[in-house]
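Engineer: Return a 3D structure for these sequence lines:
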Amino acid sequence: MLLVCATALYAAEPTPHFSGQDYLNLSYQKRAEVIASFIEHGKNRGITISKGPVLYCRKLDIFYAKHPDYAKEALFTVLKTLIIMKYDWDKKGLDKDLLARKWLGEELYQTNKFRIGVEAASH
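Structural biologist: Reported below is the predicted structural model:
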């Protein structure tokens with residue numbers, strides 16, 4: 001099952017479609033394993049994701065609790081968005097801010113920059 005999940009996350013064509021609901025149907029341990037395999041796969045492609053799988057599992061669980069309609073979307077898309085919003089998608093030669101602006105769109109990008117500024121100011 002885990003191999004199928006990991007394969008679905010990285011296939012160029014989303015077949016089979018591994019959705020947020022598929023992720024939510026897994027045990028907490030399996031969820032972390034799926035996210036860890038995603039991070040490892042990114043590493044093999046020259047992408048560094050510094051924060052660990054448990055943090056992203058928490059982020060996904062909170063996100064899906066607040067936005068249950070997104071559970072039908074591809075897990076890869078939601079997870080990548082969360083990672084980019086944390087400025088944790090690091091690929092040599094790729095500007096993280098430019099990536100965030102392109103991936104998120106201008107409105108969400110500006111909202112995220114404000115959120116990050118507020119978080120940084122409160123620490």
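Engineer: gap between the spatially most central residue of the chain and Q110?
Structural biologist: Within the chain, one residue has its C-alpha closest to the average C-alpha position: by C-alpha atoms, centre = their mean, that is L79, at 1.8 Å. Here L79 is placed at a distance of 22 Å from Q110 (C-beta to C-beta, to the nearest Å). C-beta here means a position set from N, CA and C on the backbone, and glycine is covered the same way.
Engineer: which strands and helices sit next to the helix or strand harbouring H41?
Structural biologist: H41 is located in helix 28-44, with elements delineated by DSSP states H and E. Other elements packing on helix 28-44 under the criterion 3 or more C-beta pairs under 8 Å, 6 or more residues apart in numbering; DSSP states H and E are helix 2-10, helix 53-66, helix 75-85.
Engineer: can those go into TSV with extra columns for distance to D97?
Structural biologist: As requested, the helices and strands packed on helix 28-44 are exported to TSV (distance: least, C-beta to C-beta, whole Å):
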stretch	distance to D97
helix 2-10	25
helix 53-66	20
helix 75-85	10
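Engineer: pLDDT below threshold where in the protein?
Structural biologist: Using pLDDT under 70 as the threshold, the predicted model of the chain has low-confidence ranges 1-16, 118-123.
Engineer: Quick check: the gap between the closest residue to S19 other than its chain neighbours and L60.
Structural biologist: Excluding the flanking residues, the one nearest S19 by C-beta to C-beta, 6 or more residues apart in numbering is K72, at 5.6 Å. Distance, K72 to L60, using C-beta to C-beta: 14 Å.
Engineer: who has more neighbours, the two?
Structural biologist: When K72 is set against L60 and neighbours are counted by other C-beta atoms under 10 Å, the residue ahead is L60, at 22 against 11.
Engineer: Would you mind listing the residues in contact with that one?
Structural biologist: Listed by C-beta atoms under 8 Å, 6 or more residues apart in numbering, the contact partners of L60 are G20, Y23, R31, I35, L75, V78, L79, L82.
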